[in-house]
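>>> Okay, predicted coordinates and the sequence, questions at the end:
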2 protein chains.
Amino acid sequence: MSLLVVGSLALDIIETPFAARQDALGGSATFISLAASYFYPENLGVVGVVGEDFPERAWELFRQREIDTSGIEVVPGGKTFSWHGRYHYDMNTRDTIATNLNVFADFKPVIPAKFKSPSFLVLGNIQPDLQLDVIRQLDRKPRLTLLDTMNFWITGFRDGLENTLRHTNAFVLNDSEARLLIDHPSLIVAGRRLQEMLAPGDVRIVVIKKGEHGALLFYNEHLFSAPAFPLEDIFDPTGAGDTFMGGFIGYLAKRGSVSYEDCKRAVIYGTVLASYACSKFSTEGIENLTMEQIVERFRHLRTLSAFDLEENV
Amino acid sequence: MSLLVVGSLALDIIETPFAARQDALGGSATFISLAASYFYPENLGVVGVVGEDFPERAWELFRQREIDTSGIEVVPGGKTFSWHGRYHYDMNTRDTIATNLNVFADFKPVIPAKFKSPSFLVLGNIQPDLQLDVIRQLDRKPRLTLLDTMNFWITGFRDGLENTLRHTNAFVLNDSEARLLIDHPSLIVAGRRLQEMLAPGDVRIVVIKKGEHGALLFYNEHLFSAPAFPLEDIFDPTGAGDTFMGGFIGYLAKRGSVSYEDCKRAVIYGTVLASYACSKFSTEGIENLTMEQIVERFRHLRTLSAFDLEENV
């Protein structure tokens, strides 16, 4: 089924304890759409904005991955959004050195007619009112509307965020964001309360990402605890969360399903894609994967978390 | 098979945001032996020390659970070890208000003849040299020698701890302790390096407990990622780690096995017992369980973490 991705496209400056890179391809829509592309949804469209400096190698990569870029506005003379981040030794914490919004400062997503009836929608981390505006531009309600956000919006735009959540049936966030939104020490309680903030309907999905500790999927009354992929070395965690979302919704769009069993698998596929994203700089870890590599890590995750009662209990 | 537990017995003062209790039955050997008792190992003996104030209700509890207390020394006129702890709102962090060692200050475990050939041995969190001294008093090497420790010994008695680990084939610790011992951001790397610190032999087991995020079992070249039990409310986390160890080794002692499949199950049984321990004050959560209750939570953990590839991949 069709999948629409709305979010940022960026040329980042990334510093890790081991290496540094200028003009690293980044942005939420970039990672989401690349990850989703491995499941070949019927139509995979991106809406975003870049400057004239957005490089040919990026356009070529989108073409290779069969991602429809006709919804990406190119601002004449403009510069692409750029985030400058520096990772600490443990790779779990990072400082933002600079955020140059550039053309992203005035980004008001306009959904082209061809993308106005997506079956699946991902709203990358942008201002909550803009996310809601995208939802309002659509001709029909998608089967799944998946939302991302960040501490900045939770703290400063809480009303807008809560309003947007009421038009959303799937929400992905990390554990610190969940604790910021729901002031309770238990992530289980937080997940349940977050579900109640979503649109009433058949399906209410919350995924709390816990980095090296895996993820929790709250699906209606169900709870699924997914393991993390056991990476010994993380090369660049930038975009891992977006990649997770892309793998998650890409798989569901391919299946044309939002069943609980498929959502569990979607969390595992998201985990697999994110593990590949962390293993190289920028988008390089998810530019040239094969389905065999993806399924191999899916099986690995199954092996490392499977157990059963002994016989004759 | 026979199981020997060496550790502390205590009468604690516990404060949580919701309640407080004086003379709460505690100590590593207490929680370990109570948890292990649910698997009815052939002989379950405890070696430790208490004062004359150790209450009759505690002795009665041990009798009910068929725990052999003949190795517990009662110091005439002495006072039992007492820890005074205060939990923060999130229940994950706590302050030690006071540690009154009392009779525990001069504790030098003397293993009675009847306990000198245990098949399974747990060394609760005491000074590493004392742990090694227990190992040296035995007539034969146990199939599994399971060690616990704490930050205090890691920081101040590192050489002694490393020496004791070389005589041990199973080590349980939490994630912050693992990171303190092995200065590496990846818990996967830390677990592997900890295995290398253990005695050479058929089996080298490291379990890293991650609290609300579950546990990692490193078994020779295998890795198992166990989910946490999804508790919405934690009443008193005191002794949860010891209870985990008791459930872990109690199950293995019952099975008479240290196979990988049984060790995976043992981690799950440890998780289940620990979840019950957290749900009431002190030892109350693990005083009157049934095997049905334990198996019910085992199945619950399986349900919440099981997944599989879709058909026709």
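Yep, it's here.

>>> who touches residue A:309 in this structure?
B:265, B:295, B:298-299, B:302 (C-beta atoms under 8 Å, 6 or more residues apart in numbering or on different chains). The C-beta positions use only the backbone N, C-alpha and C, and glycine is treated the same way.

>>> And these, which is closest to residue B:124?
residue B:265 (22.4 Å; C-beta to C-beta).

>>> Any figure for the gap between the residue lying closest to residue A:37 once chain neighbours are set aside and chain B?
Leaving out its chain neighbours, the residue that sits closest to residue A:37 by C-beta to C-beta, 6 or more residues apart in numbering or on different chains is residue A:65, at 3.9 Å. Distance of residue A:65 to chain B, given as C-beta to the nearest C-beta, to the nearest Å: 21 Å.

>>> in terms of contact, does residue A:35 touch residue A:273 like I think?
Yes - counting by C-beta atoms under 8 Å, residue A:35 does reach residue A:273; the two are 4.3 Å apart.

>>> Could you tell me which residues touch both of those two?
In contact with both residue A:35 and residue A:273: A:243-244, A:246-247, A:286, using C-beta under 8 Å, 6+ apart.

>>> Most widely separated two among the residues you listed?
Most distant of the shared contacts of residue A:35 and residue A:273, by C-beta to C-beta, are A:244 and A:286, 11.0 Å apart.

>>> anything in contact with each of these two?
Joint contacts of residue A:244 and residue A:286 (C-beta under 8 Å, 6+ apart) are A:35, A:273.

>>> Where does pLDDT dip in the stretch 151-300 of chain A?
Filtered on pLDDT under 70, the stretch 151-300 of chain A yields no residues whatsoever.

>>> Which residues of it lie near chain B?
A:185-189, A:192, A:210, A:212-214, A:223-228, A:230-234, A:255, A:261-262, A:264-265, A:268, A:295, A:298-299 (C-beta under 8 Å from any C-beta of the partner chain).

>>> Show me which of those residues are buried.
The neighbour count (16 or more other C-beta atoms under 10 Å in any protein chain shown) marks A:185-189, A:192, A:210, A:212-214, A:223-228, A:230-231, A:234, A:255, A:262, A:264-265, A:268, A:298 as buried among those.

>>> In strands only, show me these.
A:223-226 (DSSP state E).

>>> Looking at these, spot the one nearest chain B.
In terms of C-beta to the nearest C-beta, no member of those lies closer to chain B than residue A:225, at 3.9 Å.

>>> about what we covered before: quick check: the farthest pair among the contacts of residue A:309?
Checking those with C-beta to C-beta, the most distant pair is B:265 and B:299, at 12.0 Å.

>>> Starting from residue A:3, give me the distance back to the nearest residue to residue A:1 once chain neighbours are set aside.
Nearest non-adjacent residue to residue A:1, counting by C-beta to C-beta, 6+ apart: residue A:119, 3.6 Å away. Remark: distance between residue A:119 and residue A:3 (C-beta to C-beta, to the nearest Å) = 7 Å.

>>> Between these two, which is the more surrounded one?
residue A:3 (32 against 19; other C-beta atoms under 10 Å in any protein chain shown).

>>> residues in contact with the more buried one?
A:36, A:41-45, A:118-122, A:249-250, A:253.

>>> can you redo the residues you listed as a markdown table with distance to residue B:18 and secondary structure?
A markdown table is the format used below for the contacts of residue A:3 (distance: C-beta to C-beta, whole Å; DSSP: H, G, I helix; E, B strand; the rest coil):
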| residue | distance to residue B:18 | secondary structure |
| --- | --- | --- |
| A:36 | 45 | helix |
| A:41 | 49 | coil |
| A:42 | 53 | coil |
| A:43 | 53 | coil |
| A:44 | 50 | strand |
| A:45 | 51 | strand |
| A:118 | 47 | coil |
| A:119 | 47 | coil |
| A:120 | 43 | strand |
| A:121 | 43 | strand |
| A:122 | 41 | strand |
| A:249 | 40 | helix |
| A:250 | 44 | helix |
| A:253 | 45 | helix |
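
>>> Mark which of those residues are buried, thanks.
A:36, A:41, A:43-45, A:118-122, A:249-250, A:253.

>>> can you give me the helices in chain A?
With helices called from DSSP state H, chain A shows them at A:28-37, A:56-64, A:128-137, A:151-156, A:158-165, A:175-181, A:187-196, A:240-255, A:260-278, A:291-305.

>>> For the residue nearest to residue A:37, grab the count of nearby residues.
Around residue A:65 there are 18 other residues, counting by other C-beta under 10 Å.

>>> again, but for residue A:98
Neighbours of residue A:98 (other C-beta under 10 Å): 9.

>>> What separation is there between it and residue A:52?
Counting by C-beta to C-beta - residue A:98 and residue A:52 are separated by 21 Å.

>>> again with residue A:77
Note on residue A:77: its distance to residue A:52, by C-beta to C-beta, is 6 Å.

>>> Between those two, point out the one with more neighbours.
residue A:52 (12 against 8).

>>> Give me the buried stretch members for stretch A:16-23, please.
Quick answer for stretch A:16-23 (16+ other C-beta under 10 Å): A:16, A:21, A:23.
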